[in-house]
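Enquirer: Okay, here's the prediction I keep looking at, along with the sequence it came from:
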Amino acid sequence: MSILADESTRVLIQGITGREGLFHTEQMIEYGTDVVGGVTPGKGGEWVLGKPVFDTVKAARESTGANASVIYVPAGFATDAIYEAVDAGIELIVCITEGIPVMDMMKVREQLDQSTSRLIGPNCPGLLTPGEAKLGIMPGHIAMPGNVGVVSRSGTLTYEVVYALTQKGIGQTTCVGIGGDPVNGTNFIDVLQMFEDDPATEQVVLIGEIGGTDEEKAARFIASSMTKRVVAFIAGQTAPPGKRMGHAGAIVEGGAGTAEDKIAALNAAGVRVAEHPEQIPDLLV
Amino acid sequence: MSILADESTRVLIQGITGREGLFHTEQMIEYGTDVVGGVTPGKGGEWVLGKPVFDTVKAARESTGANASVIYVPAGFATDAIYEAVDAGIELIVCITEGIPVMDMMKVREQLDQSTSRLIGPNCPGLLTPGEAKLGIMPGHIAMPGNVGVVSRSGTLTYEVVYALTQKGIGQTTCVGIGGDPVNGTNFIDVLQMFEDDPATEQVVLIGEIGGTDEEKAARFIASSMTKRVVAFIAGQTAPPGKRMGHAGAIVEGGAGTAEDKIAALNAAGVRVAEHPEQIPDLLV
Amino acid sequence: MNLHEYQSKLRFAEYGIPIPKGRVARDPQEAYEIAKELGGPVVVKAQVLTGGRGKAGGVKLARTPEEAQQRADEILGMNIKDHKVLKVLIDPASEIRAEIYLGVTNDRAARKPLIMASAEGGMDIEEVNRVSPEKIIREHIDPFLGLRDYQIRNLAYGIELPRELWKQFMQIARGLYRAYSESDATLAEINPLIIDGSGNLLAVDGKMSIDDNALFRQPQLAEMRDTSAEPTAETEARAAGLSYVKLDGEIGCMVNGAGLAMATMDMTKLFGGSPANFLDIGGGAKADKVAAALRIILVDPNVKAVLFNIFGGITRCDEVALGIIEALDEVKTGLPMVVRLVGTNEEEGRRIIDEANIPNMVGAATLADAARKAVEAARNVQG
Amino acid sequence: MNLHEYQSKLRFAEYGIPIPKGRVARDPQEAYEIAKELGGPVVVKAQVLTGGRGKAGGVKLARTPEEAQQRADEILGMNIKDHKVLKVLIDPASEIRAEIYLGVTNDRAARKPLIMASAEGGMDIEEVNRVSPEKIIREHIDPFLGLRDYQIRNLAYGIELPRELWKQFMQIARGLYRAYSESDATLAEINPLIIDGSGNLLAVDGKMSIDDNALFRQPQLAEMRDTSAEPTAETEARAAGLSYVKLDGEIGCMVNGAGLAMATMDMTKLFGGSPANFLDIGGGAKADKVAAALRIILVDPNVKAVLFNIFGGITRCDEVALGIIEALDEVKTGLPMVVRLVGTNEEEGRRIIDEANIPNMVGAATLADAARKAVEAARNVQG
C-alpha cells in the first residue's frame, strides 16, 4: 500500500521532449513507472522512449487514460501546464518546475481548490512509492519498500533522509516532496492525513526547514489528529536570519519561523526531532 | 410560509441615503419590513428614517445582525456593494441596480458560487412576501398573502401579473423578480425548487420573455422535478427579431430564444401558457 | 452596440491580428482612389450594422479601380434590411485556400466567455453548427484567468490546423480575446479567418458588439457609434435615455420596463391591432424623459393612437402624468390617447391626468382594457 | 530582491501616492545642494537594504543645508548591519500629527495577499502587533478580484481615520495594492503614512520587496538592483545563478538544494565546526556553475576547508565532478576538500573524482562522515 501513486498509476509527462523531461522520463520508466505518454505542443504524433507524444493534455488523456501527470516545463509555461492538466481532469499533478512567481501560484491555488485535482509542488522533487512508481526526480535506488511514510518541504534533503533510512534497512511506503515555495498545492497536513489513513504506513518522517509556519501547523495537527508516530528534522539551525525588510512579514507570521520555534512546537506535540538527518533512523522503532 | 424572506428577515439597505434608496426604504418600512439599518460610506453615525447608517456592511452587520441586504447604489459601485455584502456574510442580497456590465457579473457569479450568499438580481424589482416583507421596489399594495408563488425575469410585468392575481382574489406566498440581465445571481430553476419545497406554495406562476434559454431549461426542470402546477406567460410574441450581428450567438443558443420556442417547451412540460398577463388567474385552480 | 466591419477589424489590428490593408470610401470616387492605391483586384463591401449583406448584393469583387468605382456606386445607397449603405470598405481581394471560423462571445447559460473555432468557416457556419456541431470546437474561458494558451492549442488541435500555422493562430486568438475583454465586448468574431495565397492567416471579415452597460468605461468605443445609418428617432431616443425600436403598426406604445412593453405590444396584437413601436422609458423616468418619449412616438406618421401603460415601482405614476401633460403642451396632437397608470403614487398620477382634462385622452384600469380601447380608437382614426 | 526606500517611494509615486519631494545624494556636497534647493529643515536618511537603520543612527534631522552636509558626511560610509551606506535620501522634514501603518504582503498561510493598517504606525508596529493585535486591521485580498474599495473602507473605519481623509486614503491604498501587484512584490509598505502639518496624508517612508521568481517579467525593477553595497561574492554568485550568503565560519560549503545546504551547515556545527557560507548550486547545475561556485568559496580568506555535498536528483553527480575538476584547473588551492556525491550518476561522478587523483581531496560516504572530515581538516589547517 502507499499514498497518491502506485504501480497502477497511469502517468503523463508534460514537457516530455525537453532535456530534463526526457532524462527523468527515462529514469521513471526504468524504475517501472507506468508512463503512458507525453505532451509537447507542436510535437503531437511523434514517439519518444517508446511513448506517444500529444499536442494537448486533453488529447493525451483521451488516448491514454492517464490519471496523473508530471510537469517538467520551464517556469514561464508551468502555470499554463497546471491549468491544462486541471482542465483535462488529471487527478494527480506533480509540478517539478521551480521559479514560478508567488502571485501566479496564489491564483493557481484558488482554481485548484475548486477542482478535483491534487497538485504536488511546484519546486519539488515529486513523489516515490518504492518498487512501484516514481513521479518526479527522486533518485529511485536510494529508496526501498517498507512502512515509513516520508514528507518533506525540501528536495535533496529528502533524498538524504530516504537514503539514510534505506541504509539502515527501513523501507518507505511513499516519499513525498511537497516543495519549498511559499504557496504550493499540497501541504504537510494533507500528506500527514493521507499517511494516517494509509494502513501500510506505520510511522512517518517529516522534514521541515526554517521560514513560514507550516511545521507549527503540522505539529498542532499531529497532536490533535494523528495516532501514528512522527519523527522530524528541521534544517536551518545555523542559517543566518533572513534579510527581511519591513514589518509586514513579522506581523503576519509573528515571531515564528525559526528552527527553535518549529522544534519546540514539534516536541510539544510529542514528535521526536532528530539532530541531523542521519539520526532519523535511530528515532524510529 | 414563504421563500427567501419573511417578517423575521433583518434587512440592511446599501445606498440608504441616495434618492432611490431613501424613497424605497421608506416604502419598505411602511410595508412592515424589518429594516435594521443602512450603509452609505462616509455617513456612518447618521440616522435616516429612524434607522442607523453605517460606513461599511461589516460594521452594520455586527451592530444590527442583518441577514439580508438590498442594494440601491449606482451601477459603477454595485459590484463592489455585492462583494462587500458577500464578504460580510449577508445570506440574502437583493441587487436592484441596473446597468452592470456582463463581464463584471460573470466575475461576481464565480465568487458567489464559492460563498454561502444568495444574490437576487441585479436589474430586478426584488422580492415581496405579501403581508410580511418587501425587499426591493415592488409596489406593496398590489399583492396579497396567499398560496401562489410568482417568479419573473421582468420588472413591471411582474407587477402586472401580481396585480391581476390580487384583483381576482388570488394571494401569493412570495413574488420574486430575478432580473433580466444575461448573467444574474438566481435563476428560474433555483426559485422553482424553493417553491416546490415550500409547503405554503400550492401553485406557481412563471413569467418569462424572449431571449436566452432560461425558460426552456425551466420547462425541463418542471417536467422532471416539480409536482406543483405551474402556469406561465412569455412576453415578446410581437417583438421584432433582435439586431444580432455575427454567428456566435446563434451557435451558442441554437435556434432557441423566440417566444414560440419557449411556449412550445413549456407546453411540452405540461405548463399552461397564458395569452396575456391578465389571463393568468383563469389558468390557476 | 454593434461596430462596423472596418471598425472591428481596426480594433483587431490593434491587438496584433493581421487584417487586409483596406480603407473606407464614402463615395465612388474615393473607392476608385483607394482601389488604385491598393493595386490589383479589390472587394467592395457595404458597411451596414446588420447581417446578410452578402446575400443582398452588398459585397462585390472588382478587378480594376474603374470597376471598384462602379461597384461602389451600386452599393452605396443600397437598402439592406432597412439599413442604408453610407460607406463601403475597399479591401484588397485575397486568394482563399481555407476559411476558418473564430469567435468569442459570452455564453449566458455557462456564465462564462466562450471561444469557438471551426475549420469550416464562412457564411454557412450556422448550418455547420446545426448539421455537425462537433466540427465547432468550444472552450469556455474563466473570466478571471482569461484565455489560456493551452485552450488555444485545444482549438488548433481540434480544427486540425496545419502545424506551421499554430504560432500565428496563437497570436490571433490571444489578440481576439484581449480585444473582446478589454473592449467589454459581447461578441468578437472573425469569419472567415482565411489561409491566404501565401499560406498565412488573415482576418478578412470581423464583427464586434459592445456591452451597452459598459460603454461608460469605454469612451473610445462609445464614440465609434455610427448613428448616420440609423433612424433619427432611435438616435434621439438613445440620447434621451430611452429604449426605442420602430415597428410597422399603428398603436404608439409608451411603457416602463422591457417585459411589460413587450406584453403591451403583444396585447395590442391580441385585440386585432398592431404596435407602432417598442418603447421602454426605463425605471424612475422623470417628466422630461416622458416628454421626449411622447415626441418620438408622435413623429411616426403611422401612429393612429397612443397607449401609455405605466406600472409604477421605481417609476412614479405622478411623475409620468406630469411628463404627459408637459409633453402635450409642447407637442400638440389630436390623436386619441389611452392612459393606464398603476402602482407607486397611482392616485396622484390619475388625479393629475384628470385635472388636466385633456379631451382626446381616456383612462383604463386594466392592460386588456387599455389595449382594447387603443385598438378601437386607432381603428376609428383610420376609418 | 529588496528596493531602497527612495526606489520604493518613487515607485509608489507612480501610483499616485503622495511622497516628500526629496532626492538622493551620494556625497555631502550633493546633500548640501539638495537641502538648499528644498529649503527648510530636512531629514538625512541612510539608504541601506536592511532594517534598524534608525536605531543605528542612520536617520538624522538637519535644520540648515550646512547641517545637512555634515549629517550626510557622518552617515555616508557608515556600516549598518554589514551594509555600507553609499547613498542618503534628503527629504523635507514634515510635521507629524499622526503615524499610520499601511502594508501589503503575501500571507503564505492564507495563500492570499493581505493588506494591513494601524493607527499606531511607526517603528514600534511589531510591538503593537504583539501587545494589541486588534489594533492592526487586516483584510485578505482575493488575487483575482484585487483590493476592493469596500476593503479599504473597512481599514479606514477600523483605524478610525478622520472622515475627511478617507478619500486620500482610498487613493493611497488603491495605489499601494496596484504597486504591489503590478510589481510582483512580496511586500509594499508605508510606515509611517503620516498626517502632516497641513492635515494631509504623506508617505514618508516606504519599502518594497520584489519576488525574485518574477523578475524575468519585471525588467524595469530588475535593473533597480543595487549591487554597490553588497559583497562582491553575492553579486557574482547571482550572476552565475547561485544562491550564496557569506557567514563567519571556516568550512566552505557547496551543496545542491537549500534544505540540504542548511542541513549540511547545521552538521558542521554539530561536529564542532562552523560554516563559512550558505551556497546552493540549485537543481541541474552544470560544470561551469560548479566552477563559479568553487571560485566564490575560495575567495573568502576565512575558508580553511571545503565541503562538497551533492545529492543527485536533477543534478547529476558526474557533471558536478567535472565542474570540480575544471574549477581546480583554474583556481589552484591547497586547502583540504571533502567530496560526497550520492544519487543520480553517483558512480560515474566518483570515478571522475578518483581518476583526477587530487592530493588534497578526500571522499566521504555519509553526510556525518563528510562533515566530520571537513571539520577535522579545517582544524588541522588552523593548527
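Expert: Good, I have the coordinates.
Enquirer: Would you check how far apart the residue of chain C found nearest chain A and residue C:160 are?
Expert: Residue nearest to chain A within chain C (Cβ to the nearest Cβ): residue C:150, separated by 3.6 Å. Using the backbone N, CA and C atoms, a C-beta is placed for each residue, glycine as well. Using Cβ to Cβ, to the nearest Å, residue C:150 is found at 17 Å from residue C:160.
Enquirer: Comparing these two, which shows the higher neighbour count?
Expert: Per other Cβ atoms under 10 Å in any protein chain shown, whichever of residue C:150 and residue C:160 has more neighbours is residue C:150, with 24 against 9.
Enquirer: check which helix or strand covers the more buried one.
Expert: Under the criterion of DSSP states H and E, residue C:150 resides in helix C:149-158.
Enquirer: Show me what that helix packs onto, helices and strands only.
Expert: helix A:57-64, helix A:75-87, strand C:112-118, strand C:136-140, helix C:166-182 (3 or more Cβ pairs under 8 Å, 6 or more residues apart in numbering or on different chains; DSSP states H and E).
Enquirer: Tell me the residues on the stretch 101-250 of chain A that lie near chain C, please.
Expert: A:107, A:111 (Cβ under 8 Å from any Cβ of the partner chain).
Enquirer: 10 Å instead?
Expert: Contact residues, the stretch 101-250 of chain A versus chain C (Cβ under 10 Å from any Cβ of the partner chain): A:107, A:108, A:110, A:111, A:114.
Enquirer: out of those, which is most surrounded?
Expert: The most crowded member of these is residue A:108, carrying 25 neighbours; neighbours defined as other Cβ under 10 Å.
Enquirer: surely that one meets residue A:185?
Expert: Yes - when contacts are counted by Cβ atoms under 10 Å, residue A:108 is listed as touching residue A:185 (7.6 Å).
Enquirer: where do the contact lists of these two overlap?
Expert: Shared contacts of residue A:108 and residue A:185 (Cβ atoms under 10 Å, 6 or more residues apart in numbering or on different chains): A:82, A:95, A:119, A:122.
Enquirer: The third one in helix, strand or coil?
Expert: Looking back up the chat, that one is residue A:119. strand (DSSP: H, G, I helix; E, B strand; the rest coil).
Enquirer: How about the contacts made by it?
Expert: A:71, A:82, A:85-86, A:90, A:92-95, A:105, A:108-109, A:111-112, A:178-179, A:184-186.
Enquirer: Just name the closest of the residues of the stretch 101-250 of chain A next to chain C to chain B, please.
Expert: Nearest to chain B among these: residue A:114, at 6.9 Å, using Cβ to the nearest Cβ.
Enquirer: Pull the contacting residues for the nearest residue to the closest one once chain neighbours are set aside.
Expert: Leaving aside its chain neighbours, residue A:114 sits nearest to residue B:114 (6.9 Å; criterion: Cβ to Cβ, 6 or more residues apart in numbering or on different chains). Neighbour list for residue B:114: A:110, A:113, A:114, B:86, D:142 [criterion: Cβ under 10 Å, 6+ apart].
Enquirer: Correct me if wrong, but residue B:114 is in a helix.
Expert: No - applying three-state DSSP, one finds residue B:114 to be coil, outside a helix.
Enquirer: Now residue 270: closest residue in space that isn't a chain neighbour?
Expert: Just going to use chain A. residue A:223 (6.7 Å).
Enquirer: actually it's chain C I care about, not the one you picked
Expert: Counting by Cβ to Cβ, 6+ apart, the residue nearest residue C:270 is residue B:276, at 5.7 Å.
Enquirer: Give the buried residues for the helix holding residue C:150.
Expert: C:149, C:150, C:151, C:152, C:153, C:154, C:155, C:156, C:157, C:158 (16 or more other Cβ atoms under 10 Å in any protein chain shown).
Enquirer: So the second one is in contact with residue A:80, correct?
Expert: Yes - in this structure, residue C:150 is within contact of residue A:80 by Cβ under 10 Å, at 5.5 Å.
Enquirer: Common neighbours of those two, please.
Expert: By Cβ under 10 Å, 6+ apart, the residues touching both residue C:150 and residue A:80 are A:14, A:41.
Enquirer: before we move on, the earlier item: neighbours of the residue nearest to residue C:270, how many?
Expert: Here the number of neighbours of residue B:276 (other Cβ under 10 Å) works out to 21.
Enquirer: Contact partners for it?
Expert: B:160, B:164, B:233, B:235, B:237, C:263-264, C:266-267, C:269-271, C:367-368, C:371.
Enquirer: now residue C:81
Expert: Residue C:81 touches B:243, C:48, C:49, C:50, C:51, C:52, C:53, C:56, C:58, counting by Cβ under 10 Å, 6+ apart.
Enquirer: Tell me how far it lies from chain D.
Expert: 42 Å (Cβ to the nearest Cβ, to the nearest Å).
Enquirer: any idea how far that residue is from residue B:240?
Expert: For residue C:81, the distance to residue B:240 - Cβ to Cβ - is 11 Å.
Enquirer: now swap in residue A:23 and tell me
Expert: 65 Å.
Enquirer: OK, contacts around residue A:15?
Expert: Contacts of residue A:15 by Cβ under 10 Å, 6+ apart are A:21-22, A:24-25, A:38-41, A:69-74, A:77-78, A:81, A:96-97.
Enquirer: Show me chain C divided up by domain.
Expert: Per automatic domain parsing, the structural domains of chain C span C:21-92, C:96-222, C:231-382.
Enquirer: Could you find the closest non-adjacent residue to residue C:192?
Expert: residue C:99 (3.6 Å).
Enquirer: So what are the sheet partners of the helix or strand in which that neighbour is found and their directions?
Expert: Assessed by DSSP H and E, residue C:99 sits inside strand C:96-107. With DSSP bridges as the test, strand C:96-107 is paired with strand C:112-118 (antiparallel), strand C:185-196 (antiparallel).
Enquirer: OK, now which residue of the stretch 1-150 of chain A is nearest to chain D?
Expert: residue A:101 (3.7 Å).
Enquirer: scratch that, chain C is what I was asking about
Expert: residue C:144 (3.9 Å).
Enquirer: That residue in helix, strand or coil?
Expert: Under three-state DSSP, residue C:144 comes out as coil.
Enquirer: dump the residue contacts of it.
Expert: So residue C:144 contacts A:107, A:110, A:111, B:106, B:107, B:110, B:111, D:142, D:143, D:144, D:145 (Cβ under 10 Å, 6+ apart).
Enquirer: one more time with 8 Å, if that's ok
Expert: By Cβ atoms under 8 Å, 6 or more residues apart in numbering or on different chains, the contact set of residue C:144 is A:107, B:107, B:110, D:144.
Enquirer: Now the third one. Its backbone dihedrals?
Expert: Backbone geometry at residue B:110, expressed as degrees, to the nearest 10, gives phi -60, psi -40.
Enquirer: Confirm for me that it is in contact with residue C:141.
Expert: No - counting by Cβ atoms under 8 Å, residue C:141 is not a contact partner of residue B:110; they are 11.5 Å apart.
Enquirer: Identify the residue nearest the residue in the stretch 51-200 of chain A positioned nearest to chain D in space, chain neighbours excluded?
Expert: Proximity of the stretch 51-200 of chain A to chain D (Cβ to the nearest Cβ) peaks at residue A:154, 2.7 Å away. Leaving out its chain neighbours, the residue that sits closest to residue A:154 by Cβ to Cβ, 6+ apart is residue D:259, at 2.7 Å.
Enquirer: What strand or helix carries that neighbour?
Expert: Assigned by DSSP H and E, residue D:259 falls within helix D:258-270.
Enquirer: buried ones in the helix or strand that that helix is followed by?
Expert: Moving toward the C-terminus from helix D:258-270, the next helix or strand (DSSP H and E) is strand D:277-280. For strand D:277-280, burial by neighbour count (16+ other Cβ under 10 Å) applies to D:277, D:278, D:279, D:280.
Enquirer: Adding pLDDT and distance to chain A, write the residues you listed out as JSON lines.
Expert: Formatted as JSON lines, those follow (pLDDT from 0 to 100; distance: Cβ to the nearest Cβ, whole Å):
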{"residue": "D:277", "pLDDT": "93", "distance to chain A": "10"}
{"residue": "D:278", "pLDDT": "92", "distance to chain A": "7"}
{"residue": "D:279", "pLDDT": "93", "distance to chain A": "12"}
{"residue": "D:280", "pLDDT": "92", "distance to chain A": "9"}
